[in-house]
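Asks: model the following, please.
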Amino acid sequence: MNDEHRGNLLETRVPRLGATVRAADAPVPRTISAVTLGEAWLAIAELILHEGRAARWGPDATREIALLTIAVADPDPDDALIARLGDPAWLAWMRANFREPGAVAELGGADSYARRLRDYAGTGRDQVAWLAARLAADPGARDATITTFQPTTDTTYIPCISVIDAWAPDGRVELVVYAHGLDLGKKAYANFVELAALQREIAAGAGLPTGGLVVHVKTAHIYEPELDAMARLVKGTARPTG
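Replies: Predicted coordinates:
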């Protein structure tokens, strides 16, 4: 195939817009694979520090990697690296967010993840129990999906993690999550810990073992004030390679 013909195959004419779209113009997702949550956290931070682009979250400057998929083979909520390096205050804050139904003052009184998951929109619907029951009844289900997003009330605050999907393609419960943003400089590792704990709860409820965790995130970022601290943390922490 000559180059001219190849170029034609990679073009799509859009008559209405009068523009030419090439495959090279498509967004390019990135992937991080790791064995543990802690290894994934530091690998993502390192990627952001070395290859991230300047961006903003509202008025605050960040460095970000867009369209990142994170795959963790052994997501343990008692991850030793996170326990050693993570901030106990942030871990406790996120634990309360995921496990104590109520309002979160730091988020303008928005519903906690626990309320969204266990009492969706104040309806009494326990989405976690439903998801576990769905997989228990049909371990092959491809639509065991729940959401934390409450569009009728989420107008000023949109939860970072909005979709949680569980399936067991090889007999082990894998969790597949969508997040519009994760803050790798402060609390993403705490998100990972709570997602892993939730995954174990779902697997136990379904009577199945636990598998891997996959998180699709639109913007994985570090706020500018935390860049130097994260650079020192990444540089000073030995991790498995290869």
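Asks: where does the chain dip in pLDDT?
Replies: 1-19, 238-242 (pLDDT under 70).
Asks: which helix runs longest in it?
Replies: Ordering each helix of the chain by length in residues (DSSP state H) puts helix 188-206 first.
Asks: which residues of the chain fall in helices?
Replies: Assigned by DSSP H, the helices in the chain fall at 3-9, 37-51, 80-85, 88-99, 113-118, 127-137, 188-206, 227-235.
Asks: among those helices, which is nearest Thr148?
Replies: Checking the helices of the chain against Thr148 by Cβ to Cβ gives helix 113-118 as the closest, at 4.2 Å. Where C-beta positions appear, they are placed from N, C-alpha and C, glycine not excepted.
Asks: show me what the closest one is packed up against.
Replies: Applying 3 or more Cβ pairs under 8 Å, 6 or more residues apart in numbering; DSSP states H and E, we find helix 113-118 packed against helix 88-99, helix 127-137.
Asks: make TSV from these and add mean neighbour count and distance to Asp228 to it.
Replies: Output for those, formatted as TSV (neighbours: other Cβ atoms under 10 Å; distance: least, Cβ to Cβ, whole Å):
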stretch	mean neighbour count	distance to Asp228
helix 88-99	16	18
helix 127-137	17	39
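Asks: tell me which of those helices lies nearest to Glu194.
Replies: Within the helices and strands packed on helix 113-118, the stretch nearest Glu194 is helix 88-99; the backing value is 4.1 Å (Cβ to Cβ).
Asks: residues contacting that closest one, please?
Replies: Where contact means Cβ atoms under 8 Å, 6 or more residues apart in numbering, the residues beyond helix 88-99 that reach it are 82, 104, 106, 112-114, 117, 186-187, 189-191, 193-194, 197-198.
Asks: of the residues you listed, which is the most crowded?
Replies: For the contacts of helix 88-99, the largest neighbour count, defined by other Cβ atoms under 10 Å, is 27 neighbours, found at Tyr189.
Asks: ok, the contacts of helix 88-99 vs Ala168, which is closest?
Replies: The closest of the contacts of helix 88-99 to Ala168 turns out to be Leu198 (Cβ to Cβ; 15.3 Å).
Asks: got the contact list for the closest one?
Replies: Leu198 touches Phe98, Leu117, Val128, Ile164, Leu175, counting by Cβ under 8 Å, 6+ apart.
Asks: could you export those residues as CSV, including distance to Ala89?
Replies: Supplementary listing: these in CSV, determined by distance: Cβ to Cβ, whole Å:
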residue, distance to Ala89
Phe98, 15
Leu117, 23
Val128, 26
Ile164, 25
Leu175, 25
